[in-house]
Structure formats: C-alpha cells, structure tokens
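Colleague: quick check, what structure comes out for this input:
(chains A and B)
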Amino acid sequence: MDSRQKVLEVSGLRTSFFTDGGVVPAVDGVDFDLYRGEVLGIVGESGCGKSVTSLSVMGLVPNPPGKVTGGEILYGGTDLLKLNERKMRKVRGNEIAMIFQEPMTSLNPLFTIGDQMIEPLRIHRKISKKAARGKAVDMLRLVGLPRAGEIMDEYPHQLSGGMRQRVMIAMALICEPKVLIADEPTTALDVTIQAQILKLMKDLNERLDTAVLLITHDLGVVAETCSRVIVMYAGKVVEEGPVGEIFRNPQHPYTEGLLKSVPDMRFKQERLDPIPGNVPRPGSIKTGCRFAARCPYAFGRCTEEDPDLYDTGDGHRARCFLRERKEAAAYEGALAEG
Amino acid sequence: MKEPLLKVEGLKKHFPVKKGALGRVKGHVKAVDGVSFDVMTGETLGIVGESGCGKSTTGRLLMRLLEPTEGKVIFDGRELTALGGDEMRKMRRDIQMVFQDPYASLNPRHTIGKILEEPLLVHGVKDPKERKRKVREFLEIVGLSGYHATRYPHQFSGGQRQRIGIARALMTNPKLIIADEPVSALDVSIQSQVLNLMQDLQREFGLTYIFISHDLSVVRHISDRVAVMYLGRIVEIAESDRLYGMPLHPYTQALLSAVPVPDPGFVREQIVLEGDIPSPADPPPGCPFHSRCPFRMDVCKSNVPSLAEQETGHSVACHLYTEEARGDDNKTLVTEGSL
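Modeller: Alright, predicted model coming up:
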C-alpha cells in the first residue's frame, strides 16, 4: 500500500469554530493519507467533523467563525495551509475539486450550464473560448448526459436533480484534478438516481485515475464504492482501514455499533441493535475517549485518558484501548514463549 | 376474514396547474392517481417510492389534511371522505400522524408539556391534573422523563424530538398512526432507537401503522406488508418477505437492486435504470414506468396496467403478467429474486 503514491497527506488537522458560546473543536487532530487513484470514504454521523475536514482541505472553512488552528495538509509536497489565497485559488478547482450534496445551491441559477462549465477552464488554463466550449461538451458527454450541446445553453433549473449532479461532476473534473472531494454527493438523490451517480463516479475514478475522497453517512454507499474508509466520531478518526476489513472485522466499538444498528434489506431482523444515547455535540466531551459514554465495553481508563490510534495490522487502525490491551497481551504471550 | 381497519378505494388527488395572468388551469399534477389498499388492525403497511411518487400525498389524503379529488377512505367502518368538519375532527383522535422533520413540527415557543397537552385539550380532557399526569406518563413511555415537560423543543436532540413527536401522536390513544419518513432526518445510530420504540409501542398499544419512507431497508425492517408507488400509482403490493424476496414489477426489481447494501463482499447484478422519473404533471401515456422499463412492450405504451393479484396477497400492475401479453410475447419473466 505504501508503495503507492500519496497525493494528499493530512496530519494533525485541527479546525475550530469560535462562537459566542465558546470554542468548538469540530476537527480535533485528524490524520489520513489519500493515495493516487483510490476511493477513500469518510463516514460518520452529524457533527463528527467529516464535512469540516473536507472544507479544511479545500481552504473553504467559513472564517469567521471557523479557523484551521493546526496541522498540515500536504499536496505534492506543499502545505496547503501555508498558501495564500491567490495561490490556493490555483489549487482549488484545478488540482483539487469538490462536489456538494445539493447541486442546486452550488450552481448559479443566473448563468447557463455552459458559462459555468467554461469558467474553471478559462481561469486555470490558457485556452480559447471555442476550445473551452468543445471540452465542456465532451465532459458533459463523458458524465453520460444526453443532448450535451443543448444543455450547455440551458439553466440549472431546467435540469433534474440527477442531471445537475452530473453537471457538477463534469465541472469538477474538467480541469483533470488529481483529487475529487465529494461531500454526500448522492444524499439528495433518489435511490435509482443514486445508483447511476455512484456508478459514474467509480467509472471516472478508474478511467481518469482521480483520487476520490467520498464523505457520507451511508454505510451502504461506502461498501459499494470505497476501497478504504475512515470512521469519524466527535472530531476524531476512530477507525481506519480497508473496506472489507472494517465491515467484517470492525475494531472500534463505535464502528461495530454503527454496523449493527443499520437494518439490512436482505434479511428480516426481529429487532435492531441500536447504540444507546445521543450523538454528542462537537466539543462537549473534553477528556477521555469521545465514545466512552455510549460504549458497552468502556472501563475506568476510557473516561480519563485519550486513546491513540492503535495499529491492528494490514493498514487497519482503531482508537480504542481494547486494541492496545490485545497488543499488550500478544506481546506478553510472545515473551513467555521465549 | 377480518374486516380491515382502513380501506382505501380509488383514491385520487389532482393538483391544478395554473398559468398566465388569468390563472387558467393548464393541466393537472396527478400526485395520486387511483390508489387502493387495505390495512388490517395491528399490522404495519409500508409505502415506499421515490420523490414525487405520491406517497406523502397519500398519507395526507388519508387524514384529510388534503381533500381527495376522487375516491373513498373507509376507517373503522365509517367513510371519512363523507364526514363533515366536526365529525372529522373527532375521527382524528383515532388517526394520528408523525412527521419527518421534528424541528418543523414542534412549535418552538411552546414547552413540551404544552405541546403534548394540546391534543388532549382539543379532544376534551378538561381536568388539568389529568392532562399533566398523562403528559408525564407518555414522556416516560417514549423513553424521556417527566421533567422534560418544562423544556422547549430546541433543548432536545433530533432523536429526542422525534420521540416527542411520537408521544404527541399517542396522547389521544389512536388506533392508526401514519408515519411519514419518521426516521429519515435522524442519524444512523438514532434511527434504530426510534424504530425499536415504534415496534414496542405497536405491541403495547395494539397500534396499526402506515409507514411511509423512501428507505427500502428501513421499510423492510418495520413492515408486514409493503406497497411500492411510482408516479401516483401502486405498482406492486405484497407481504414484505415476498416483495423483497421475489419482486415481480420491473420497477421494484430495479429499486431493490439499486439500494446500497452495507456489505462489501455482497455481489449482485445491479439494474441501473436509464433516465429520470418523469414529471407527475406530464406522465407518460400507458404504463407510467414504460419510459424507463427494460422490458417494455408495445402494449405498455398505450394501456395502463391495473393492479392484479398474482398470488394470494401479492398484486402487481404490469403487462408482463397479464393474460394477453403472456400469450403473444415470449419475453422471459424475471421472477426469481433480485437479491
């Protein structure tokens, strides 16, 4: 895995919101790498910091009240957090592009699709209007839109939700970025349209070798599209690993609880197995494991100390003392054997 | 056979589309276009479908929050669609609704106590002590505490607010609860808490549910029977094990195959439908699904298939299963499960 090229290296990322009610640490020390051509999922519930993480990478955290207060985001050796706005603008949309949940709010209703498609090309590439238009039409075809030529002259309201999301993807990919960040790209869409868009994103990921950071709350979407996944809870990464591993052999009690609590359409379950309690507000838990209050395995140490991300093998890591103990036990066992 | 608690016959809701300065009616959005089904006492009927299929409108028509254009709703032997305002208000004691957005459906200026007391006031519980006692009782039943009565909606999380919404629906001791996307706005870990609560309440109070949702996994979990809607019509209805195990309608098959399953090792053939859902203002002629159907035949473009029973309790509206079409068409019927 490490032999592959890292396109994005995030370490120790902290993003806080400075509000009248105090400082809210939405992202509280997040580390992850994104490899070339992979689809990495970030999954978590509301307030876990998954969206703020992606906005931090894009340099789009609303300031004030938000501010990245620490860490590093390395893209091709440069720390994006150290770039000024002018330089960041060259990265955004060109090297790293983003699509959002609700395509209607991210498309300008007053401009035609064509105008909006051409804009990033004209900004980032020295290219004639005609050539830009040709490329935009090609891109619309690539994302599977029929009548690409006509759509260029239409306005966003004339398109359906699924078509708009295709336009957003086409627009995001038009400058051939190395990284595509997709924040809940199918959450506002119907199931049958969601299937189309996910399939499109996977196809494009394979064909264009763009690394995708897919942010979602839907474990089903993760299982079907991602190769690796990061589970976030209360501003921290609690588990990270290959998708197959995480789903079959979750190492963090939160991941385990999440997987057990979702109904599976393939079987009739008598009763669901929910995680007790509520999703904590960001910043409400200050010491110890953020999940301790809802964890069925919690013991004394969990509320006093912050667990680290422990390596459990094969690129799988979990932020849980249980994993440390296992390691310790194995270590002692090995010692005893000689 | 038992009499159904609720009987719906040929229910229709057509919204006029007005255009121009004079506001002339230029056509109709056929939000619900001839829906019939029964709901038995104590069961849960799930209604699934994508946006614009008419599932929510159907829910509102049953409570007469919207007036139907055509059709009958018979509840507990009485025809709701023929009742006057006062009588209907009394009937609403027996039919209650739980909404998707617990933020929007609880008045932010009222305490939880006041919100929960209101249905009792409306339905004539005069003794304030009795009302307060009932409020406390129901807060505890839904997993909150009596002291929560003095708090305001914004002081609760989404899951707790939905519990309050459920408590409010229960205050009048209803027979039928229509729940419209009750867990869709909730986080995954909270969803299952609310679903379990609804199942417990059903057992405890002998409730009958109509559970409207776009989430096929949730619907399978909670429902005894499931109706699938597309563009204002029911295209298939069956017991949930049967519907999910052996879907007959090509739309149901595609819908089920499109649901992401939380298991990376799960392999299946996905039917990715072409195109978008047509606008209900301008539905295609014939079978409403024919424009996206992988099995469409000539007859589908002109004739609307009616919902016909294939096996006991399993009905489907599709020409693939009608006599004439079977006779002259050798298309293989896809009847094995899509899962």
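
Colleague: element containing A:Phe69, please.
Modeller: Wrong residue type there; residue A:69 is Thr, not Phe. strand A:66-75 (DSSP states H and E).

Colleague: check the secondary structure at A:Arg14 for me.
Modeller: Per DSSP: H, G, I helix; E, B strand; the rest coil, the local secondary structure of A:Arg14 is strand.

Colleague: now it, which residues is it bridged with?
Modeller: Beta-bridge pairing of A:Arg14 under DSSP bridges involves A:Asp28, A:Gly70.

Colleague: equivalent analysis for the one 4 residues further on, please.
Modeller: Beta-bridge partners recorded for A:Phe18 (DSSP bridges): A:Val23.

Colleague: ok, now B:Glu311?
Modeller: B:His314.

Colleague: that older thread, which residues does the strand holding A:Thr69 contact?
Modeller: Under the criterion Cβ atoms under 8 Å, 6 or more residues apart in numbering or on different chains, residues A:7-18, A:26, A:29-30, A:52, A:55-57, A:61, A:79-81, A:91, A:95-96, A:179 lie in contact with strand A:66-75. To be clear about C-beta, it is placed using only N, CA and C from the backbone, and glycine gets the same treatment.

Colleague: and the helix or strand where B:Ala167 lies, what other elements does it pack with?
Modeller: Remark: B:Ala167 resides in helix B:158-170, with elements defined by DSSP H and E. When contacts are defined as 3 or more Cβ pairs under 8 Å, 6 or more residues apart in numbering or on different chains; DSSP states H and E, helix B:158-170 sits against strand B:95-98, helix B:112-122, helix B:128-141, helix B:188-205.

Colleague: out of those, the one nearest chain A is which?
Modeller: Proximity to chain A, assessed across these by Cβ to the nearest Cβ, is greatest for helix B:188-205 (3.7 Å).

Colleague: contact residues of the stretch 51-200 of chain A facing chain B?
Modeller: A:160-163, A:190-196, A:198-199 (Cβ under 8 Å from any Cβ of the partner chain).

Colleague: returning to that earlier point: relative to helix B:188-205, how tilted is the helix holding B:Ala167?
Modeller: Put simply, helix B:158-170 runs at 20 degrees to helix B:188-205, going by axes from the mean of the first three to the mean of the last three Cα atoms, to 10 degrees.

Colleague: next secondary structure after helix B:158-170?
Modeller: Later in the chain than helix B:158-170, the nearest helix or strand by DSSP H and E is strand B:176-180.

Colleague: does that following strand reach chain A?
Modeller: No: residues of strand B:176-180 contacting chain A under Cβ under 8 Å from any Cβ: none, with a closest distance of 15.3 Å.

Colleague: looking at chain A, what residue ends up closest to chain B?
Modeller: Residue nearest to chain B within chain A: A:Gly220 (2.9 Å; Cβ to the nearest Cβ).

Colleague: dihedrals phi and psi, that residue?
Modeller: Main-chain dihedrals, A:Gly220, degrees, to the nearest 10: phi -60, psi -40.

Colleague: the nearest residue to it once chain neighbours are set aside - how many residues pack around it?
Modeller: Once flanking residues are discounted, A:Gly220 sits nearest to B:Pro260: 2.9 Å by Cβ to Cβ, 6 or more residues apart in numbering or on different chains. Neighbourhood size, B:Pro260 [other Cβ atoms under 10 Å in any protein chain shown]: 23.

Colleague: isn't B:Pro260 right next to A:Val221, touching?
Modeller: Yes: here B:Pro260 lies in contact with A:Val221, judged by Cβ atoms under 8 Å, at a distance of 4.9 Å.

Colleague: mutual contacts of the two, please.
Modeller: Joint contacts of B:Pro260 and A:Val221 (Cβ under 8 Å, 6+ apart) are A:Gln194, A:Leu198.

Colleague: B:Val261: neighbour count?
Modeller: Around B:Val261 there are 19 residues (other Cβ under 10 Å).

Colleague: I meant B:Gly206, not that one.
Modeller: 10.

Colleague: could you find the closest non-adjacent residue to it?
Modeller: Using Cβ to Cβ, 6+ apart and skipping the chain neighbours, the partner closest in space to B:Gly206 is B:Gly42 (5.8 Å).

Colleague: right, and chain A sits closest to which residue of chain B?
Modeller: For chain B, Cβ to the nearest Cβ, closest residue to chain A: B:Pro260, 2.9 Å.

Colleague: residues in contact with that residue?
Modeller: Counting by Cβ under 8 Å, 6+ apart, the residues that B:Pro260 touches are A:Gln194, A:Ala195, A:Leu198, A:Asp218, A:Gly220, A:Val221, A:Ala223, A:Glu224.

Colleague: and it, how far is that from A:Leu189?
Modeller: The gap separating B:Pro260 from A:Leu189 is 12 Å, by Cβ to Cβ, to the nearest Å.

Colleague: pLDDT weak spots in the stretch 1-150 of chain A?
Modeller: By pLDDT under 70, the low-scoring segments of the stretch 1-150 of chain A are A:1-3.

Colleague: ranges for the strands of the chain?
Modeller: By default, I'm working from chain A. Here chain A has its strands, by DSSP state E, at A:6-19, A:22-35, A:39-43, A:66-75, A:78-79, A:96-99, A:179-183, A:211-216, A:228-233, A:236-242, A:310-313, A:316-318.

Colleague: wrong one, I was asking about chain B
Modeller: For chain B, the strands defined by DSSP E cover B:6-19, B:24-39, B:44-48, B:70-75, B:78-79, B:95-98, B:176-180, B:208-213, B:225-230, B:233-239, B:308-311, B:314-316.

Colleague: CSV for the ones you listed, including mean neighbour count?
Modeller: Putting the strands of chain B into CSV (neighbours: other Cβ atoms under 10 Å in any protein chain shown) gives the following:
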stretch, mean neighbour count
strand B:6-19, 17
strand B:24-39, 19
strand B:44-48, 26
strand B:70-75, 18
strand B:78-79, 12
strand B:95-98, 24
strand B:176-180, 24
strand B:208-213, 25
strand B:225-230, 25
strand B:233-239, 25
strand B:308-311, 12
strand B:314-316, 22
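
Colleague: with mean pLDDT added, can I get the ones you listed in CSV?
Modeller: Listed next are the strands of chain B as CSV, based on pLDDT from 0 to 100:
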stretch, mean pLDDT
strand B:6-19, 91
strand B:24-39, 90
strand B:44-48, 97
strand B:70-75, 94
strand B:78-79, 92
strand B:95-98, 94
strand B:176-180, 95
strand B:208-213, 96
strand B:225-230, 96
strand B:233-239, 96
strand B:308-311, 92
strand B:314-316, 96
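
Colleague: those: which one's closest to B:Arg163?
Modeller: Taking Cβ to Cβ, strand B:95-98 is the member of the strands of chain B nearest to B:Arg163, at 10.3 Å.

Colleague: with just CA atoms, put the closest one into CSV.
Modeller: Taking C-alpha atoms only, strand B:95-98 is exported to CSV below (Å, rounded to 0.1, in the frame of the first residue of the first chain):
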residue,chain,number,x,y,z
ILE,B,95,-55.8,8.6,13.4
GLN,B,96,-52.6,10.4,14.2
MET,B,97,-49.6,11.5,12.2
VAL,B,98,-45.9,11.5,12.9
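
Colleague: mind listing residues that contact that strand?
Modeller: Counting by Cβ under 8 Å, 6+ apart, B:59, B:62-63, B:65, B:75, B:119, B:162, B:165-166, B:168-170, B:172, B:174-180, B:182 sit against strand B:95-98.

Colleague: weed out the non-buried ones from those residues.
Modeller: Burial by neighbour count, 16 or more other Cβ atoms under 10 Å in any protein chain shown: within the contacts of strand B:95-98 this picks out B:59, B:62-63, B:75, B:119, B:162, B:165-166, B:168-170, B:172, B:174-180, B:182.

Colleague: do you know the pLDDT at residue 331?
Modeller: This is for chain A. You'll see A:Tyr331 listed with a pLDDT of 63.

Colleague: wait, chain B
Modeller: For B:Lys331, pLDDT reads 45.
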